[in-house]
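Undergrad: only geometry, no sequence info:
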């Protein structure tokens, strides 16, 4: 499960589920004139309210978050996991609203006075608020751009080295200490170990400058050459195969850095963390590292 694929809307859903869980331990009834020390039941003492409001909302949040983090979303009754979670969140909010209007249920229809003094308690009111927030965030996340942003930002990547580049000071490269060379000596000085001497030259004589062929000038790269860079997408984007197949091979998630290795028309050839390469056709709004 990719945590970095979660959005700000998913963060609101998680927070509402935590609030719903806390509300389930508070009183669901408030009775006029009763002592404050009276022991009133919470949601765990009322199975219909517990299952239809509190557990339904918590399960809805779990389904929505899990569906966002999975690379391939499974389906339940023809709906993918996220859509099923949204429907369950709306059902939870609807049930909580009905409980607020009639906390006594069918007891006030038994023939007595309908005004029994039984009202919704703190747990029921807080549960309604949490269920409404959860359902609203679940429905609005795919529609509101502000909620589509990544919940957890990715660390900025290091600049990619050119292909075949070696770190400075590595053995066999300029600036490295060569075997047999005294500390502080410069490579190429005559008389140093590992530096071939001149035939017939007496010890201590000044070294004659060697005739060296001029090094060929390195060809300059054209100005329009593509350089690999890291990038992140603002919203989930499909990655298509390089052969032009219309079926996506992966999905790029917000909050994760990917390496662009080639320009392909208006799109980019991107490489995922597991080594898969494909074409990102929609490059609008990407963030360069």
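TA: Received the coordinates, thanks. From a predicted model like this one, the values you see are computed outputs, not experimental measurements.
Undergrad: buried sites along the lengthiest helix in the chain?
TA: Among all segments of the chain classified by DSSP state H, the helix with the greatest residue count is helix 81-101. Along helix 81-101, the positions that meet the burial threshold by neighbour count (16 or more other C-beta atoms under 10 Å) are 81-96, 99. Where you see a C-beta, it was placed from the backbone N, CA and C, and this is true even at glycine.
Undergrad: Report all helices and strands that it contacts.
TA: helix 56-69, helix 122-140 (3 or more C-beta pairs under 8 Å, 6 or more residues apart in numbering; DSSP states H and E).
Undergrad: Over stretch 146-160, what's the mean pLDDT, rounded is fine.
TA: Confidence for stretch 146-160, expressed as mean pLDDT, is 67.
Undergrad: My error: substitute stretch 36-54 in the last question.
TA: Stretch 36-54 comes out with an average pLDDT of 88.
Undergrad: what's in contact with it?
TA: The contact list for stretch 36-54, computed with C-beta atoms under 8 Å, 6 or more residues apart in numbering, reads 20-21, 23-31, 34, 91-92, 95-96, 99, 105, 121, 123-124, 127, 131.
Undergrad: again, 10 Å this time
TA: With contact meaning C-beta atoms under 10 Å, 6 or more residues apart in numbering, stretch 36-54 is reached by 17, 20-21, 23-31, 34, 55-56, 59, 91-99, 103, 105, 121-124, 127-128, 130-131.
Undergrad: Restrict these to the buried ones and give me that as a PyMOL selection.
TA: The PyMOL selection below is limited to those of the contacts of stretch 36-54 classed as buried (16+ other C-beta under 10 Å):
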select buried, resi 17+20+21+23+24+26+27+28+29+30+55+56+59+91+92+93+94+95+96+99+103+121+123+124+127+128+130+131
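Undergrad: The worst-scoring helix or strand of the chain on mean pLDDT: how far from the chain's middle?
TA: Ranked by mean pLDDT, DSSP states H and E, the weakest helix or strand in the chain is strand 75-76, scoring a mean of 76. The offset between the C-alpha centroid of strand 75-76 and the centroid of the whole chain comes to 23 Å, using C-alpha atoms, centre = their mean, to the nearest Å.
Undergrad: name the helices or strands packed onto that strand?
TA: Using 3 or more C-beta pairs under 10 Å, 6 or more residues apart in numbering; DSSP states H and E as the contact criterion, the elements in contact with strand 75-76 are helix 81-101.
Undergrad: following the helix it packs on, which helix or strand shows up next?
TA: strand 118-120 (DSSP states H and E).
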